[in-house]
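In: Just a sequence and a predicted model for now, questions to come.
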Amino acid sequence: CFRMRINDLGLFILFFGGDEGRVDNRTIYVGHKSCPPDEAFIPPKFCDNRIVSSKYTVWNFLPKNLFEQFRRIANFYFLIIFLVQVRANFQLSGLPFDFVTLSQGYEDWLRHKADREVNEYLVTVLEDGQRIRKSLGPENLLLKGANLKNTQKICGVAVYTGMETKMALNYQGKSQKRSAVEKSINAFLLVYLFILVSKAFVCTTLKYVWQTKHDEPWYNEKTVKEKDTNKYLKMFTDFLSFMVLFNFIIPVSMYVTVEMQKFLGSFFITWDKDFYDAEINEGALVNTSDLNEELGQVEYVFTDKTGTLTQNNMEFIECCIDGFQYKHREGASELDGFCVTDGPVNKIQQKAGREKEELFLRALCLCHTVKVKESTNQNLDQVDGLGVHEEVLDSPQKEKGFIASSPDEIALVKGAMRYGFTFLGLESKEMKILNRNKDVETYELLHVLNFDPVRRRMSVMVRPKTGEILLFCKGADSSIFPRVKQNEVESIRTHVERNAIDGYRTLCVAYKLLSAEEYAKVDADLREARLALQDRDEKLMAVYNQVETEMTLIGATAVEDQLQEEAAQTMEALQGAGMKVWVLTGDKMETAKSTCYACGLFTKHTELLELTLRTLEDGGRRREERLHDLMSEYHKKAVQDAPPVKSGITRSWSVAGNDYGFIIDGASLSMVLSTSSESNSNCYKKLFLEICKNCTAVLCCRMAPLQKAQIVRLVKNSEGSPITLSIGDGANDVSMILEAHVGIGIKGKEGRQAAKNSDYAIIKLKHLKKLLLAHGHLYYVRIAHLVQYFFYKNLCFILPQFLYQFFCGFSQQPLYDAAYLTMYNICFTSMPILAYSLLEQHICIEVLLENSTLYREIAKNAMLRWKLFLYWTALGIFHGLVFFFGVRFLFSNPALQDNGQVFGNWSYGTIVFTVLVFTVTLKLSLDTRHWTWINHFVIWGSLAFYVFFSFFWGGIIWPFLKHQRLYFVFANMLSSVSAWLVIILLILLSLLPEILLVVLRKPHVRNLTKTAQKYRKLRLKKC
């Protein structure tokens, strides 16, 4: 057998086993062979190969979920009240955990389902195979879930398995994101909690004041035990009793309704046919329903460029060889401005020389990690395992496709094919290409120096049949130019910069001829670095940098990445809605800037403020000094000298004459965020944010993934705590997606890591417009109205109960029957507001999409501000006073029945409750703008159910009740004409202010309503 020591690779080499404990070094015996007799060996305990991303199990779900629920202050309060109710034998209000627990259990079941799909991945393990002495390095490591292609079998050793794999170790449970609405609910809850405590305190105090002035009534004489009870203990008990009596002012059921609204409302996104894409047969995906309303509050949008603003569908446009341009178009090729007949490179005047041309094309065919696959039923090229429809390849490759980790590599290989060089594939470390003479060339692949975001380049070492050793390297111009002979740079730099300005993605190509001695040293150094137990990555990087020097620059390529469909219209809509758009990309500045112009983020009137290494090095001064000068200059121009923002305008750039765009690169951002002095760092951060907030759009280029997250965090934690949204399609965007308040993933061509780690996943960028302007707007309006309405209707419910204590000697006598106390929030008033919160469209979707400025009207949590909260509270107090004193005025006449009998206290409470139920339900009907059959059913059905229940509950003698307080009370009440009259008059009096508001509503609101009705009629005609 053979053994090896692996130093915390964090990955695995196919499927064997691993230690459960995390150790720095380990000894692995392949095939479970016995240990040498001269060494002590303890048989290891191997963990299985399961991945667990779920939060709960069957055994810990209930205790763990309850623990998380009680971490909320509101839920802990509900628990205390519940226990007091049980102790006092009072009517139970219940706990708001049932649906919340069920919904979280359902979401965790979906995680278990996803885990099973990964864990049931079938693997064929080869055991007891031929003994091989093999050095294992990073190029042999595969991530869990990698697909085996183009080979029938493979020998593998599992280094880490299950929860020890990199996938599991890098998995981090998403931090609990709280929406602005939830924070407002908590603030409102504290206000109502204060009202509750105040009511209980007032009633407790007045009770003992009343008892000092009045003798104990004969029908309520205290028992001996009550007389012997400590007075202060009795006062505390009375205080708790009043707390229980009035606790319905805290809307327990609101939390359940909010969870139901979020959970059920999320299905409207997944069901939206406009989000469906027939090409991949998928629609939108909601991973986090807790943030639906946050989609209507976004102030900053951080977007990736490649695959997000662009399609990530690369097309080879042109190349530059030895300073000469070769531009390929259908039917013609253009060479330095002159159009000539299309054909192989050797027919285009050979300006670069045949040897240089062929060397360049060989580099494109060899310097990559593309795999050739046999054709299937469809002609597909694949990127990261996703099929991308492409044209059929020319013979002899017409029945083959390409597999690559990046669409750029496929574009370059196909670009070489256009000029006569075809990559045939890799077999047993031999790369084969078909040259323009139809001869097959074979190259031995010696080493691949993989691409990484730090080096921003990749290289291969190959040996042709002639025996010499060649190194081909391709990468970003900033990475290649410093490593080649400088006399070759300028002629190619001109083409690269021009292509970048045109919006093309550029790569530079270089080569190096290695002597036998040089290669022997590099080969030894690479093998030693790959076997290193400590600092392996650093040692490999040192070898890479050592060999990738003194190269010869051959040329450069230009690849076009087309804009996403309706990208410009989407950006225009987002900006019109008051959102600031920041582009965070790893591409070079010129390419990203061109994309910003194409998307409309920058216009010809935009004055660009550039803070890059190029501007910092101008003037021959130290970078730190230049940074200070530029920051001060830009701040004066964009902030200090900017005209004041007019009232009602939420974006400073919307003022005429103040149209700036800010550009910064990764190196400059590092200087801004981490200067030598902490005070300077804070100052620069403040200046940076103030400048950016006064700009139309911000472009951050040459960004590392970590820097993207840093920028999002910087803006998110800035003054005002603006709501941020990040959108991207690749694994390098995951960090900023997780950092933002709302993360949007695009199911693109760079894998599904962004979509899996996002809160919402869409197919194309254009879907973001409807997701925010329509769904987000409506979600916020619905849930904001739900919250305000719940506090209002519960205040209406409990205020008469509080007032009643002043007329019953503060005896804690309830005004309503126990059945009414329970059914009010559960049955009588719950369904109408739930239907409203799911179906309401105060403005139809078409109008919201056409008028993006409507999004600004709900910005900054406009519908849950204190002014509106106080209005709803005042309305609840007004209605409560009308209900109680209106009915008391009725009871000033002792004879209300035809037989001369008087109504009792339960009749009093029933009349108040009837007016209450009808008023709050009709109030919601007045607020409804979009009526469906469901709204009609739940509103009128709830009122009918209340009447039916009251007749039914009071019309039968229930044997399980000790006291049946409402026996025939409701029927007797409706037999009185006076009661009918008062009920109708009080309902009309309560709703009169609302009716006047509807009549006197602002003209623009009425116009929007008419426009919405017009769109609905047109939509019905189309149907």
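Out: In hand now; what should we look at? Numbering: from 1, shown residues only.
In: SS state for residue 552?
Out: Under DSSP: H, G, I helix; E, B strand; the rest coil, residue 552 falls in the strand class.
In: Tell me how far it lies from residue 361.
Out: Separation of residue 552 from residue 361 (Cβ to Cβ, to the nearest Å): 15 Å. From N, CA and C alone the C-beta is placed, and that goes for glycine too.
In: Kindly provide the distance from residue 304 to residue 726.
Out: According to Cβ to Cβ, residue 304 and residue 726 sit 8 Å apart.
In: before we move on, what about residue 108?
Out: 25 Å.
In: Give the residue from these two that has the larger number of neighbours.
Out: Using other Cβ atoms under 10 Å, the more surrounded residue of residue 108 and residue 726 is residue 726, with 32 against 17.
In: residues contacting the more buried one?
Out: The contact partners of residue 726, by Cβ atoms under 8 Å, 6 or more residues apart in numbering, come to 301-303, 708, 712, 733, 736-737, 739-740, 742-744.
In: And it, its phi and psi?
Out: phi -120, psi 140 (degrees, to the nearest 10).
In: Per-residue pLDDT of the spatially closest residue to it that is not a sequence neighbour, please?
Out: Nearest residue to residue 726, sequence neighbours excluded (Cβ to Cβ, 6 or more residues apart in numbering): residue 740, at 3.8 Å. pLDDT recorded at residue 740 is 91.
In: and if you look at residue 130?
Out: 42.
In: same check, this time on residue 717
Out: 90.
In: What of residue 348?
Out: On pLDDT, residue 348 comes in at 42.
In: Looking at residue 552 and residue 361, which is more packed in?
Out: The neighbour comparison of residue 552 against residue 361 (other Cβ under 10 Å) goes to residue 361, with 28 against 13.
In: Contacts for the helix or strand harbouring residue 302 next, please.
Out: Assessed by DSSP states H and E, residue 302 sits inside strand 300-303. Strand 300-303 is contacted by residues 309, 574, 579-584, 708, 711-712, 715, 722-728, 736, 740, 765 when judged by Cβ under 8 Å, 6+ apart.
In: Out of these, which sit inside strands?
Out: 580, 581, 582, 583, 584, 724, 725, 726, 727, 728 (DSSP state E).
In: Nearest to residue 944 among the residues you listed?
Out: residue 725 (44.0 Å; Cβ to Cβ).
In: what about the closest one, how many neighbours?
Out: With other Cβ under 10 Å as criterion, residue 725 counts 30.
In: That one contacts residue 298, correct?
Out: Yes. Using Cβ atoms under 8 Å, residue 725 is in contact with residue 298, at 4.6 Å.
In: shared neighbours of the two, which are they?
Out: 741, 742, 772.
In: Which SSE is immediately downstream of the helix or strand of the chain with the lowest mean pLDDT?
Out: In the chain, no helix or strand scores lower on mean pLDDT, DSSP states H and E than strand 338-341, which sits at a mean of 33. Using DSSP H and E, the helix or strand that follows strand 338-341 in sequence is helix 354-366.
In: Next secondary structure after that next one?
Out: strand 371-374.
In: Next, the buried residues of that following strand.
Out: 371, 372 (16 or more other Cβ atoms under 10 Å).
In: Likewise for stretch 939-947?
Out: Buried, per 16+ other Cβ under 10 Å, within stretch 939-947: 939, 942, 943, 945, 946.
In: Now do it: everything it contacts.
Out: 827-829, 831-832, 835, 914, 917-918, 921, 924-925, 928.
In: So among the contacts of residue 726, where is pLDDT lowest?
Out: Scoring these by pLDDT puts residue 733 last, at 85.
In: Surely that residue touches residue 306?
Out: No. Residue 733 is beyond contact range of residue 306, at 9.9 Å (criterion: Cβ under 8 Å).
In: Where helices are concerned, which of the contacts of residue 726 count?
Out: 708, 712, 736, 737, 739 (DSSP state H).
In: Okay, domains of this protein per the record?
Out: 60-170, 245-264+774-1020, 285-305+572-640+658-762, 310-344+351-373+401-562 (the TED database).
In: ok, and what's touching the strand or helix carrying residue 496?
Out: For residue 496, the host element (DSSP H and E) is helix 489-501. Contact with helix 489-501 is made by 317-318, 320, 322-323, 325, 477, 481, 506, 508, 553, 555-556, 558, 588-591, 593-594, as judged by Cβ under 8 Å, 6+ apart.
In: Tell me which other helices or strands the lengthiest helix in the chain touches.
Out: Ranked by residue count and defined by DSSP H, the top helix of the chain is helix 180-213. Judged by 3 or more Cβ pairs under 8 Å, 6 or more residues apart in numbering; DSSP states H and E, helix 180-213 is in contact with helix 73-88, helix 231-246, helix 777-804, helix 866-890.
In: List the buried residues of that helix.
Out: 180-182, 184-185, 188-189, 192-193, 195-196, 199-200, 203-204, 207.
In: Angles on the backbone of residue 926, please.
Out: Taking degrees, to the nearest 10 as the convention, residue 926 sits at phi -70, psi -30.
In: residues touching it, list them.
Out: Counting by Cβ under 8 Å, 6+ apart, the residues that residue 926 touches are 991, 994, 995, 998.
In: Now a ChimeraX select for only the buried ones of those residues.
Out: Buried residues among these (16+ other Cβ under 10 Å), as a ChimeraX selection:
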select :991,994
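In: Need the residue closest to the centroid of this protein.
Out: Residue closest to the mean C-alpha point of the chain, counted by Cα atoms, centre = their mean, is residue 743 at 2.0 Å.
In: Quick one: residues contacting the closest residue to that residue other than its chain neighbours.
Out: Computed as Cβ to Cβ, 6+ apart, the closest residue to residue 743 that is not its neighbour in sequence is residue 737, at 3.5 Å. Neighbouring residues of residue 737 by Cβ under 8 Å, 6+ apart: 726, 727, 728, 743, 744, 745, 754, 757, 758.
In: That concludes my questions; thank you for your assistance.
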